[in-house]
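[1] Sequence first, then the predicted structure:
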Amino acid sequence: MNYSKLSSKSKSLITLFLCAMSFLCPGFIDSADAALKVNDLDYFETRGLNVLVFSNQYAGMFFDEKTSGIELIHHGVRTATGGAVRLNTTPEQWDQIPTMVERKVDKEKNSIEVLLQYEKFDFNSRVTVTAKNNGILISVYLDAPLPERLEGHAGFNLEFLPASYFERTYMMDNRTGIFPLYPSGPMEVKPADIKIPQFAGHSTFDNRGRPEYIEPKPIAKGKTFIMAPEDPERSVKIQSLIDELMLFDGRNLAQNGWYVVRSLIPAGKSGKVIEWFLTANTIENWTRSPMIAHSQLGYHPNQKKVAVIELDKNDTPLTTARLLKVTEDGNFEEKYKDEVKKWGDYLRYNYLTFDFTSVKDSGLYVIEYGNIRTKAFQIAKDIYENAWHPTLDVFFPVQMDHMFVNEAYRVWHGAAHLDDALQAPVNHQHFDMYAQGPTTDTKYKPGEHIPGLNVGGWFDAGDYDIRTPTQHYVVSNLVQVWETFKPQRDETTIDQKKRYVDIHHPDGKPDVLQQIEHGALGLLAQHKAVGHAVNGIIVPHLSQYTHLGDGLTMTDNLIYDPNMAENESDGFRSGVFDDRWAFTNKSTPLNYGSIAALAAASQALRGYNDELAGECLEMAQKVWDEESNRDPNLFRHGNTTGGRLGSSKFSAAVELLICTKEEKYANTINELLPSIERGFGFFAALAVRAMPYMDEAYAEKMEALVKTYHERLGRISEDNPFGVRMRRGGWGGAGGAIRFGMTNYILYKAFPEIIDPEYIFTGLNFAYGCHPGSNISFVSGVGTHSKRVAYGNNRADYSFIAGGIVPGILIIKPDFPENKEDWPFLWGENEYVISVGSSYIYLVNAVNDLLNKTN
Ligand SMILES: [Ca+2]
Ligand SMILES: [Ca+2]
Ligand SMILES: [Ca+2]
C-alpha cells in the first residue's frame with residue numbers, strides 16, 4: 001500500500017485506527033495545557049506526581065547513588081530514578097555516569113532539556129522532557145551517530161525501585177507478568193573485550209580468570225509497558241514511539257540494582273533516536289496523609305514534648321490534636337487536647353506543632369490528629385535506661401573485625417581478615433577515599449605482608465574496612481562514656497586470645513572497657529608494625545569491596561605469597577591475592593588522632609588492663625615527642641588522613657594533659673586555642689574537658705567561646721520545625737544531630753547558665769522519629785517503630801543490626817526529604833557507621849543522667 005497516494009480522509013482514518021490499536025501516536029494537546037507543569041522549583045508537578053529532570057546530579061563521590069537523572073515522585077514515593085542515556089543495560093554503582101553539562105528549563109513550553117556528556121567516549125546526547133496531555137514526552141537527540149564503541153551499549157534507561165513494585169504485575173503489549181520478588185531473570189555471557197569499562201579501570205565483577213562478563217537479558221520486550229495497572233498509586237505506562245522497550249532486573253548483577261526500562265539507541269542514526277510517552281496514574285485531588293513526627297521511644301515525664309505534624313501543601317490544617325492514653329483493656333482515653341500551632345513551610349510540606357509537655361503521667365499514649373493516630377509510645381522515667389543497650393550489646397560486637405561473633409544459635413561472622421595486611425602499592429588511588437603517595441613510608445615494599453595488623457578494630461560501616469580516623473573517634477567517645485557514666489553493663493563475652501565474641505553471654509568484664517580495649521589494640525598495632533598511624537586497611541579490588549555476607553569470606557585468611565601458584569597453599573599462606581592493603585603514608589594529623597585515642601584509652605583501661613594501658617600511654621607520649629620535634633607530614637587524601645594539623649594536635653594535647661597533668665601539654669593547648677575557634681562546635685566538647693587542668697584565663701576564654709556558640713544555636717533551631725541542622729549533601733544528618741546533642745551536654749555540664757538543655761534533647765528526638773518524611777526511629781531496635789531494613793553488612797537480606805543508627809533523611813533536591821523503609825541500599829539514608837554508634841551511647845547516657853540523676 002502506497003500511503004502517499006491515499007486520500008486525506010483515508011489517511012486520517014488509518015491514523016486513527018493505528019493510534020487506537022497500538023497507542024503508538026498519542027494525539028497531543030498543547031503542552032501548556034498538559035496536566036504536569038514546570039513549577040517554580042523547576043520540576044514538573046501535578047497532584048500525586050512530580051517528574052524531576054536532573055534536579056539532582058551524579059555527585060561523583062560514590063558514583064551512581066540512584067539519586068539523579070529523570071526521577072518520578074509518585075503519590076509521595078520516589079519510585080523511579082536514573083532516567084538518562086546510559087552505557088549499560090542495568091548500570092551498577094561504578095559504571096560510567098554521564099555529566100550533565102547543560103540544563104535548560106522552558107516554563108512556557110513546559111519543557112526541560114539536558115545535555116549529557118560522556119567525555120571519555122566523546123559522546124553527547126540531548127534529552128528533552130516535555131509535558132503532554134496527562135504525561136511527559138521523553139525524546140533523545142544525537143547530533144552525530146553513536147561512536148562505534150557504544151553501539152549496542154548506549155540506550156535510554158529509566159530505573160524503577162523494585163520495592164515499590166513488589167507484589168505487583170505488569171503488561172508488556174498483550175503479555176502479562178509479575179515483578180520478580182527475587183532476581184531470577186535470564187543472563188547472557190559476553191566477551192570481556194566488548195565490556196564498557198567501569199570507572200578508573202575498576203571492576204565489580206570477579207571473572208575468576210574467564211575472559212567474559214555477564215549481562216541481564218530482558219524479562220519482557222514490547223512497545224507498550226504498563227506497570228502495576230491494578231494499583232492506582234503505582235500505575236505507570238510507557239509507550240515507545242520509535243524502537244522497542246525492554247525490562248531488565250538489575251539485581252541479577254548487584255543486589256542494589258533496580259528494574260530498568262530501556263530502549264537501545266540505534267546505530268548509525270542521528271537526530272531523534274528515542275522517544276517515549278510516559279504517563280503515571282494520579283488519584284484525583286490526591287493529598288498525602290498527615291505524618292505525626294514524635295519520639296518512637298517516648299518521653300521522660302519532665303521532658304518537653306512537642307510533636308511536629310507534617311501536612312501536604314494541599315491539605316487544610318485542622319485546629320486541634322489529642323493525646324490519648326492507652327488503657328489496660330485497650331481503650332483510648334483522651335488525656336489532653338489542645339490547639340495545634342502553625343509552624344510554616346519547610347521543604348515541600350506545611351508544618352504544625354502539638355505541645356503536650358504538661359502531660360507528666362507515666363503510661364502508654366498515642367497522638368491523634370484528625371483520623372491519624374501514631375503508634376503507641378511511653379511516657380516513663382526509665383525510657384533512656386535501656387535505649388543504648390542494643391548499640392553496645394549487638395551493633396558494636398557485630399562490627400568487630402578479626403573476631404568470631406556469635407549470638408545464641410546465630411554466627412554473625414567468623415574471625416575475618418586474619419591475613420591482614422599487605423603494604424599498599426605506591427602512587428595508587430583507591431576507590432574508597434584512600435590513596436598511597438609515591439613512598440610507602442614504611443620498611444615494607446609494595447605488596448609485602450606487614451605482620452601484626454590482624455588485631456582489633458571495627459568494620460567502618462556497611463563496608464568492612466578499618467578507617468583509622470573513625471577508630472580514633474570511637475575510642476575517644478567510648479572512653480568518655482566510661483569516664484562520665486562508668487556503665488558496668490556486661491552482656492557480652494569478648495575473648496581476644498580466642499578471637500571469640502558471644503552476644504548475650506556475660507563474662508564478668510564491663511563491655512565498654514572491652515570495646516575500648518579492642519579499639520586500642522588495633523591502633524597500637526599500627527604503631528608497633530610501622531611506627532605510625534596508618535590511614536586504613538581495605539581490600540584492593542572493587543569486586544571484593546562489594547562483598548555482602550560473612551566478612552570471613554572476604555579474603556581466604558591466608559597470607560598472600562607471590563611465590564605460590566594461585567591454587568597453592570601450605571595452610572598459612574596462599575597464592576590468592578586477596579589480602580587487604582594497608583595505606584601507610586605518614587600523616588601528622590592522623591598520628592595526633594592516634595595519640596589522643598591511645599592516651600584516652602590508657603586512662604580508661606587503667607585498673608582493667610594495666611599492661612595495655614601502660615603501652616598505650618607510652619606509645620602516645622613517644623609519638624608526641626617525635627611529632628612535636630619535626631616538620632609535620634602533611635600527606636592528605638579523602639577523609640582518611642586525619643583532620644587539620646592544629647586541631648588534631650590540640651586534641652592530642654588535651655588527652656595527654658588529662659593523663660599526665662604535664663605543663664607542656666597545657667602550653668600547647670593555649671598556643672593552639674585559635675586553631676579550634678573556627679568550627680568551635682566540633683572541638684567544643686574536647687576543649688571544655690581540658691578546663692579542670694587549665695588556668696582561670698583558659699576558663700574565661702572558654703566561656704566567651706561557648707557564649708558565641710550558643711547564640712548560633714538559636715539560628716539553627718529556627719531553620720526547620722525539628723530544631724536540628726538538616727544536612728543537604730549526600731548523607732543524612734542523624735549522626736550530626738546526635739553529636740550535636742553530645743557536645744551540648746558536655747557544654748551544659750560546664751556552663752549550665754549558658755547552655756539551654758533543650759539542645760541536648762533535639763538530636764535524640766530527631767533520631768527517634770521527630771524528623772521530616774516519616775516518623776520512624778533511625779536507631780534499629782529502639783522505639784516502637786524503628787529501622788528494620790538498613791544498610792548494614794546484612795543489607796542483602798533486607799535486615800538490620802540492632803543498635804545501628806542510620807543517617808536518616810536525605811534531601812532529594814530541591815525539596816523531597818526521603819528515608820526508604822522498604823529498600824536498604826541507599827547509603828546516604830540507611831548506612832550504619834560506627835562513629836555515630838559511639839556518640840549515641842554517650843548521648844543516651846547523658847540524657848538519662850540529666851533527667852534522672854542531676855535533677
Ligand atoms: Ca569505608
Ligand atoms: Ca563483658
Ligand atoms: Ca589471603
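    Okay, I see it. From a predicted model like this one, the values you see are computed outputs, not experimental measurements. Ligands and ions are numbered 1, 2, ... in the order given.

[2] can you tell me which residues contact Phe225?
    Tyr170, Met171, Met172, Lys237, Ile238, Gln239, Leu245, Leu247, Val261 (Cβ atoms under 8 Å, 6 or more residues apart in numbering). Where you see a C-beta, it was placed from the backbone N, CA and C, and this is true even at glycine.

[3] Do I have it right that the second one meets Ile226?
    Yes - with contacts defined as Cβ atoms under 8 Å, Met171 counts as touching Ile226 at a distance of 4.4 Å.

[4] circling back: most neighbours of all the contacts of Phe225, which one?
    Neighbour counts for the contacts of Phe225 (other Cβ atoms under 10 Å) peak at Val261, which has 27 neighbours.

[5] Show the average pLDDT along whichever strand or helix holds it.
    According to DSSP states H and E, Val261 maps onto strand 259-264. Average pLDDT, strand 259-264: 98.

[6] could you pull out the helices for the stretch 251-400 of the chain?
    389-390, 396-399 (DSSP state H, counting those that start in this stretch).

[7] For the first one, give me every contacting residue.
    Put plainly, it is helix 389-390. Arg489, Glu491, Val779, Ser780, Gly781, Val782, Ala802, Gly803.

[8] from those residues, which two are the most distant?
    Maximum pairwise distance in these, criterion Cβ to Cβ, is 18.7 Å, between Arg489 and Ser780.

[9] where does the protein dip in pLDDT?
    Filtered on pLDDT under 70, the chain yields the residue ranges 1-27, 29, 60, 854-855.

[10] Nearest to ligand 3: which residue in it?
    Going by Cβ to the ion, ligand 3 is nearest to Asp419 of the chain, at 3.8 Å.

[11] Contact partners for Ile383?
    Taking Cβ under 8 Å, 6+ apart as the contact definition, Ile383 lies against Leu297, Gly298, Tyr299, His300.

[12] let me redo that: Arg712
    Taking Cβ under 8 Å, 6+ apart, one finds Gly681 in contact with Arg712.

[13] Return the distance of it relative to ligand 2.
    41 Å (Cβ to the ion, to the nearest Å).

[14] State the helix or strand in which that residue lies.
    Using DSSP H and E, Arg712 sits in helix 696-719.

[15] what's the following helix or strand past that helix packed up against?
    With elements assigned by DSSP H and E, the helix or strand that comes after helix 696-719 is helix 734-750. Under the contact definition 3 or more Cβ pairs under 8 Å, 6 or more residues apart in numbering; DSSP states H and E, helix 734-750 sits against helix 680-689, helix 696-719, helix 758-767, helix 834-849.

[16] what's the spacing between helix 734-750 and its chain's center?
    21 Å (Cα atoms, centre = their mean, to the nearest Å).

[17] Specify the beta-bridge partners of Phe404.
    Tyr500 (DSSP bridges).

[18] next one: Ala220
    According to DSSP bridges, beta-bridge pairing links Ala220 with Leu247.

[19] can you count the residues close to Asn427?
    10.

[20] List phi and psi for the residue nearest to it when sequence neighbours are not counted.
    Closest residue to Asn427 apart from its sequence neighbours, by Cβ to Cβ, 6 or more residues apart in numbering: Pro438 at 5.7 Å. Dihedral pair for Pro438: phi -70, psi -10, per degrees, to the nearest 10.

[21] any idea how far Pro438 lies from His449?
    As judged by Cβ to Cβ, to the nearest Å, Pro438 and His449 stand 21 Å apart.

[22] what's the answer for Thr439, then?
    From Thr439 to His449 the distance is 19 Å (Cβ to Cβ).

[23] Ok, Asp511 next?
    32 Å.

[24] again, but for Ser587
    22 Å.

[25] Show me the helices in the stretch 1-150 of the chain, by range?
    Under DSSP H, counting those that start in this stretch, the stretch 1-150 of the chain gives helices at 8-22.

[26] what does it have sitting close to ligand 2?
    Within the stretch 1-150 of the chain, no position lies close to ligand 2 (Cβ under 5 Å from the ion).

[27] Packing partners of the strand holding Val261?
    strand 155-160, strand 245-249.

[28] I'd like these written out as a markdown table, with distance to Asn88 added.
    Converted to a markdown table, the helices and strands packed on strand 259-264 look like this (distance: least, Cβ to Cβ, whole Å):
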| stretch | distance to Asn88 |
| --- | --- |
| strand 155-160 | 8 |
| strand 245-249 | 10 |
